[in-house]
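Asks: Would you be able to build a 3D model of this:
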Amino acid sequence: MKIEKFDFVHDIQKIYRKLLDSMSKPGTINNIENEIQNLEVYSSLSKEMMALAYTLLNIESKFYIENEDEKKYVKLHTFAQEKVLEKAEFILVDSKKDGEEKILEVIENASIGTLEDPHLGATLIISVDKITNEENLILKGPGIKNQTSFSIDGLSKKIFEKRDLVNSEFPLGIDFILVDKFGNIGCLPRTTKLEVKR
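Replies: This next block holds a predicted model:
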């Protein structure tokens, strides 16, 4: 019997296309469970988080992750450069393991870019409990016709308020990529306005 393996070319391309779809259309939920079912991860990082790391990081990328073992694993397998929080392009956090206070600290200290180089604003890759289209959040902005609804279990109202604060001076700001344990991904680019309903 043939053993299927994770395809580091085609599966990552599929994941990247789904990420682009969710980033260009905030509130759109894509699922990567099929792409990652054969991905083997020998780390406390979830398959979902590691798949996004493989997709987004390369030898030129600068990343931050708090856990030392996870940091070594990501560096070994993506060849990306580990940096302090303030200088990282990609910051990987887990809403359960890291908790609210750590995520608030990350948002507070992450790079928001400069007026000359707003693209230097960090992207947070956040593992959450569950992503659905329930109406806990109302999203408005580019890529959204009128408005759309979104729900993220595992992130508090304080976190969304802190995100809004650091994103208040466009084009400066940070972007969120969210993934849950079911392989659902959704994005909140800095241009997206949030209304918290809960």
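
Asks: which stretches of this protein have low pLDDT?
Replies: 1-3, 198 (pLDDT under 70).

Asks: could you pull out the helices for it?
Replies: 10-24, 33-36, 47-56, 68-78, 99-109, 157-166 (DSSP state H).

Asks: could I get these as JSON lines with distance to A88 and mean neighbour count?
Replies: To be clear about C-beta, it is placed using only N, CA and C from the backbone, and glycine gets the same treatment. What follows is the helices of the chain, written out as JSON lines (distance: least, CB to CB, whole Å; neighbours: other CB atoms under 10 Å):
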{"stretch": "helix 10-24", "distance to A88": "18", "mean neighbour count": "17"}
{"stretch": "helix 33-36", "distance to A88": "23", "mean neighbour count": "16"}
{"stretch": "helix 47-56", "distance to A88": "12", "mean neighbour count": "23"}
{"stretch": "helix 68-78", "distance to A88": "11", "mean neighbour count": "16"}
{"stretch": "helix 99-109", "distance to A88": "9", "mean neighbour count": "16"}
{"stretch": "helix 157-166", "distance to A88": "15", "mean neighbour count": "16"}
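
Asks: how close does the residue nearest to I144 when sequence neighbours are not counted get to I12?
Replies: Distance criterion CB to CB, 6 or more residues apart in numbering; nearest residue to I144, sequence neighbours excluded, is P26 at 5.8 Å. As for P26, its distance to I12 is 22 Å (criterion: CB to CB, to the nearest Å).

Asks: quick one: I15 and T55 touch, right?
Replies: Yes - if you go by CB atoms under 8 Å, I15 and T55 touch, sitting 4.8 Å apart.

Asks: and for these two, which residues touch both?
Replies: The overlap between the contact sets of I15 and T55 (CB atoms under 8 Å, 6 or more residues apart in numbering) is empty.
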